[in-house]
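Q: I would like to see how this sequence folds:
(chains A and B)
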Amino acid sequence: MTANDFWAEGEPVFDKAAPDGPVETRWERRKFSAKLVNPANRRKLTVIVVGTGLAGGSAAATLAEAGYRVKSYCYQDSPRRAHSIAAQGGINAAKNYRNDGDSVYRLFYDTVKGGDFRARESNVYRLAQVSVNIIDQCVAQGVPFAREYGGLLDNRSFGGTQVSRTFYARGQTGQQLLLGAYQALERQIGLGNVEMNARHEMLELIIVDGKARGIVVRDMVTGEITTEFADAVVLASGGYGNVFFLSTNAKGCNVTASWRAHRKGALFANPCYTQIHPTCIPESGSHQSKLTLMSESLRNDGRVWVPKNAADCQKPAGEIAEEDRDYYLERIYPSFGNLVPRDIASRAAKNVCDEGRGVGPGGLGVYLDFADAINRLGRKAVEAKYGNLFEMYERITGEDPYETPMRIYPAVHYTMGGLWVDYDLQSTVPGLFVVGEANFSDHGANRLGASALMQGLADGYFVLPNTISNYLASGPFPAVKATDAPVVEARKQVEDRIEKFLSIDGDRTVDSFHRELGQIMWEYCGMERTEEGLTKAIGLIRALKEEFWTRVKVPGKGEELNQNLEKAGRVADFIELGELMCIDALHRRESCGGHFRAESQTPDGEAMRHDDEFSYAAAWEYFGADGKPVLHKEDLNFEYVHPSTRSYK
Amino acid sequence: MDIKVRVWRQAGPSTGGKMVTYDVKGISPDASFLEMIDVLNETLILSGDDPIAFDHDCREGICGACSMVINGVAHGPEKATTTCQLHMRKFSDGDVIDVEPWRAAAFPVIKDLVVDRTAFDKIIQAGGYITAPTGTAPDAHATPVPKKDADAAFEAATCIGCGACVAACPNGSSMLFTAAKIAHLGLMPQGQPERDSRVIDMLQAQDDAGFGGCTNAGECTTVCPKGIPLSLIGRLNSDYRKAITKR
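A: Okay, here's the model as predicted:
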């Protein structure tokens, strides 16, 4: 079986919205060239925003402030609960408040390099430029960032950068930033400028005359299906990490909004780029429903080890003599040691566990030991730095990390891939814009720490509100009616699917399929991928899909709050996405960023990129449930930051 | 562990409900409380019963979605812990555990353990913000904020909006929730221009939404997973007195 049994190659795709010329002025020039909408005309234009996290919440609030009519949707019971709330570490901005040599250019440089040269320079430069406005905006809203005694904002260094550019609010930066956006959104709801629809899930995109004109939604309380219309649709529906079942994402996070748009023609780019975070609390058993991340800062003082001999793995850590411990990160990477980047730390942990030297339930864990730090700094100092993390660990595991070393294991945390968008954040479907983690644009093959919050807010507060006007200036578009053929068809698709889920009445639960899909993805499309494994995974996923549609059991009715019906739709879409992820991973015969292909490594086991062959974004076109996806390549050009090889030895 | 749970089952907003007892056998002490319900739901589905509906999302104690009254206590027996962060090791083999939804006039039950908390959003809409339209902000360092004020504002801002305070209050009052937002914004210099209108409007909104009055019972702070202190209600009352006398 050759690779081309799985996909076909189509025409290249171009980012026609991106200005050329000096990178420093591209955003200025794009803003100037974009058409504007007269303030009096804005209230005649309606924008639908799906999702209320950092990107969606900030976009909805900002568009409403500008005078557009906004309809906002989220699956949670309140827009304040979007998963951005769980982000811990911080948000980067090129403020250079520390006078340590930071600049827009340096943040741009670090992000392009960190993305392993698989992101667009234009987008990343704009992100770095806008980063400074985000901090100003959030402070004006009253976001209680950490401050120094002089009253100025505190910064820390994050994710291996050499400057301190990360702003934070204890370990709850995402929560505080989201509450800022949420409060701005609630203000607009109160003023009547935003129609808020919580507990509503988008189940289909409506395209009329080639333009995105609305969505089909299900009221999750009553089960009522409605069609909602607008002049443009913005998806801010987050990432797809839950395709792995176990991830650090919230349980409700799903790909359905993006996937439905993909099936209707929006290209999906780089789906195989997922980020796996090395410091999560390991699984404790088959009941495990999600994984919890602990801040990476723990690796500053904790030492990672496993027993040298598999035979010692069942012993309590304290009974394993110093000479029988393998501090493998310090051994393999003597210069960076325990602070190697996320992907390297994650892969190394999996390798030692695969060798049978893992610790804890199922042998899926490595120790993160603070004994040395406690000896060196004293318990008090360790407590001051990490007290809340230690407490969280103890609450979840029942073990005291001051006495026994922590156990950690990698978990899926973020997805860099997403719907393909141009510089204006517009997808390949006119009028369909995609912001935040749901798009693919800024992180390339790997995201740096504290950059997700930056991108979400950059897109929502500053980029989209400027670019969407260029599109809306050609509106208002002709009114769409519920009786129009494409609307009737989209609605019928949703109703038929729900009917199908409820009528199969099989013998397996939705969760059992989701868990099985997750195991396939983790095993074959996780930290390390091979041609053989991916080919096998595609076969397994296809069989799973067949089984899902014949054996799933969804209890209850459509016309009520039915959480299993919600899950069924999400899992059905995750199964299709999983297959595309494997195909994308299979086609990319190189290692880059979060994507490690075992066939593409240096003699000493490091990731090897192939810029000659793979310096492009892979944008996939949907070709029917049984058709082959079609690959459209967007070539990446590096005029400023020239590709180099990462080395951490 | 083998336990029994007695769970509030209610088919819809307008129907009555009742406690129903279920056996949960062989649950791991390392499972979270919600994972125990997951396991129970899997067996209910396969035996043709309706699984228990409950709100949950991040399962890390930060989104504020989970909301169960466990053995009569909002979020259960563990101090400063959301339901999702409660683990079965805190219970004993053979326990019978009662599980009910938040009960408050302003939080009507939608189904089983799921309640409608949009009344909280209404309170925020009334004034729980600082008006700062995008693009209007001065440089972030234009106004220094004393560290102690910023820290105190942060502590108040850690409220997750779960509603345990309301569920625990004998009056179904949302005073601790409102007070936390009043304190967060009122402690920051940026929050001063709207300080008076904010407290008046938010208190009016909580009355309009059907929350009860505060009688300083203090149950709210006892169950608060983020430890929001009762003293913030005193601060709110002080702000309110000042605001109405200026009118």
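Q: quick one: low-confidence ranges for the chain?
A: By default, I'm working from chain A. Residue ranges of chain A with pLDDT under 70: A:1-3, A:159-160, A:647-649.
Q: From A:G533, how far out is A:D5?
A: Look at A:D5 and A:G533: by C-beta to C-beta, to the nearest Å, they are 16 Å apart. Backbone N, C-alpha and C define where each C-beta goes, glycine included.
Q: likewise A:S289?
A: For A:S289, the distance to A:G533 equals 26 Å [C-beta to C-beta].
Q: okay, A:D5 and A:G533: which has more neighbours?
A: The neighbour comparison of A:D5 against A:G533 (other C-beta atoms under 10 Å in any protein chain shown) goes to A:G533, with 19 against 9.
Q: wait, the more buried one sits on A:W522?
A: No. Applying C-beta atoms under 8 Å, one finds A:G533 not in contact with A:W522, separated by 11.2 Å.
Q: Can you give me the neighbour number for the nearest residue to A:G223 once chain neighbours are set aside?
A: Leaving aside its chain neighbours, A:G223 sits nearest to A:E559 (4.0 Å; criterion: C-beta to C-beta, 6 or more residues apart in numbering or on different chains). If you count neighbours by other C-beta under 10 Å, A:E559 ends up with 12.
Q: secondary structure element for A:E559?
A: Counting by DSSP states H and E, there is no helix or strand that carries A:E559.
Q: any idea where the strands of chain B begin and end?
A: Listed in chain order, the strands of chain B (DSSP state E) span B:3-10, B:17-24, B:69-70, B:73-74, B:96-100, B:109-111, B:114-115.
Q: Also the stretch 451-600 of chain A?
A: Taking DSSP state E, counting those that start in this stretch as the criterion, the stretch 451-600 of chain A carries its strands at A:528-529, A:596-597.
Q: Can you tell me which of those is packed in deepest?
A: Across the strands of the stretch 451-600 of chain A, averaging neighbours per residue (mean count of other C-beta atoms under 10 Å in any protein chain shown) puts strand A:596-597 on top, at a mean of 24.
Q: Please list the residues outside it that contact it.
A: For strand A:596-597, the external contacting residues (C-beta atoms under 8 Å, 6 or more residues apart in numbering or on different chains) are A:343, A:347, A:527-530, A:585, A:588-591, A:607.
Q: ok, now stretch A:349-365?
A: A:278, A:282-285, A:304, A:306-310, A:313, A:317, A:326, A:328, A:366-367, A:407-410, A:526-528, B:30.
Q: A:V421 contacts A:L432, correct?
A: No. With contact defined as C-beta under 8 Å, A:V421 does not reach A:L432; the gap is 9.0 Å.
Q: Looking at those two, which one has more neighbours?
A: Neighbour count, other C-beta under 10 Å: between A:V421 and A:L432, A:V421 has more, with 29 against 26.
Q: what's the spacing between that one and chain B?
A: Distance of A:V421 to chain B, computed by C-beta to the nearest C-beta, to the nearest Å: 20 Å.
Q: List the residues that contact that residue.
A: By C-beta under 8 Å, 6+ apart, the residues touching A:V421 are A:427, A:433-434, A:439-441.
Q: Recalculate using a threshold of 10 Å.
A: Contact analysis of A:V421 by C-beta atoms under 10 Å, 6 or more residues apart in numbering or on different chains lists A:15, A:17, A:123, A:235, A:266-267, A:269, A:427-428, A:432-435, A:438-441, A:459, A:464, A:467, A:619.
Q: ok, back up a step: any chance of the contacts of strand A:596-597 in CSV, plus distance to chain B?
A: As requested, the contacts of strand A:596-597 are exported to CSV (distance: C-beta to the nearest C-beta, whole Å):
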residue, distance to chain B
A:D343, 23
A:R347, 25
A:M527, 22
A:E528, 27
A:R529, 28
A:T530, 32
A:A585, 28
A:R588, 32
A:R589, 37
A:E590, 35
A:S591, 31
A:A607, 31
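Q: got a winner among these for most neighbours?
A: Busiest of the contacts of strand A:596-597 [other C-beta under 10 Å] is A:A585, holding 27 neighbours.
Q: who touches residue 163 in this structure?
A: Since no chain was named, I'll use chain A. Contact analysis of A:V163 by C-beta under 10 Å, 6+ apart lists A:92, A:94, A:96, A:98-103, A:106-107, A:110, A:155, A:157.
Q: think we crossed wires, I meant chain B
A: B:G163 sits next to B:64, B:67, B:74, B:102, B:104, B:106-107, B:115, B:117, B:119-120, B:174, B:177 when contact means C-beta under 10 Å, 6+ apart.
Q: and if we set it to 7 Å?
A: Applying C-beta atoms under 7 Å, 6 or more residues apart in numbering or on different chains, we find B:G163 in contact with B:67, B:102, B:107, B:117, B:120.
Q: Could you check how far the closest residue to the fourth one other than its chain neighbours is from chain A?
A: Nearest residue to B:R117 in three dimensions, chain neighbours excluded: B:G163, at 5.2 Å (C-beta to C-beta, 6+ apart). Using C-beta to the nearest C-beta, B:G163 is found at 10 Å from chain A.
Q: how close does B:G163 sit to B:Y129?
A: Relative to B:Y129, B:G163 is positioned 20 Å away (C-beta to C-beta).
Q: Which ones among the contacts of stretch A:349-365 map onto strands?
A: Secondary structure assignment by DSSP E places A:278, A:304, A:306-307, A:326, A:366-367, A:407-410, A:528 of the contacts of stretch A:349-365 in strands.
Q: What ranges does chain B have for its helices?
A: According to DSSP state H, chain B carries its helices in the segments B:33-46, B:118-127, B:147-157, B:164-168, B:175-186, B:195-208, B:219-223, B:231-246.
Q: buried stuff in the longest one?
A: Meaning helix B:231-246. By 16 or more other C-beta atoms under 10 Å in any protein chain shown, the buried positions in helix B:231-246 come out as B:232-233, B:235-237, B:239-240, B:243.
Q: before we move on, what about the third one?
A: Neighbour-count burial for helix B:147-157, with 16+ other C-beta under 10 Å as criterion, is recorded at B:147, B:149-150, B:152-157.
Q: Tell me, how many residues neighbour A:A184?
A: By other C-beta under 10 Å, the residues close to A:A184 number 25.
Q: If you could redo that for B:G64, that was the one I meant.
A: Count around B:G64 with other C-beta under 10 Å applied: 28.
Q: Which residue is the nearest non-sequential neighbour of it?
A: Using C-beta to C-beta, 6+ apart, the closest residue to B:G64 is B:I160 (3.5 Å).
Q: Go through the contacts of strand A:596-597 and name the one nearest A:V217.
A: The closest of the contacts of strand A:596-597 to A:V217 turns out to be A:A585 (C-beta to C-beta; 32.4 Å).
Q: what residues are up against that closest one?
A: Counting by C-beta under 7 Å, 6+ apart, A:A585 touches A:272, A:525, A:529, A:534, A:595.
Q: distance of the residue nearest to B:R117 from B:T178?
A: B:G163 is 12 Å from B:T178, where distance means C-beta to C-beta.
Q: ok, now A:Y240?
A: Taken as C-beta to C-beta, the span from A:Y240 to B:T178 is 37 Å.
Q: Next, count neighbours for the spatially closest residue to A:T467 that is not a sequence neighbour.
A: Spatial nearest neighbour of A:T467, excluding adjacent residues (C-beta to C-beta, 6+ apart): A:D424 at 3.8 Å. By the criterion of other C-beta under 10 Å, A:D424 has 21 neighbours.
Q: what residues does the stretch 501-649 of chain A put near chain B?
A: Counting by C-beta under 7 Å from any C-beta of the partner chain, the stretch 501-649 of chain A comes close to chain B at A:509, A:511, A:553, A:555-556, A:560-561, A:563-564.
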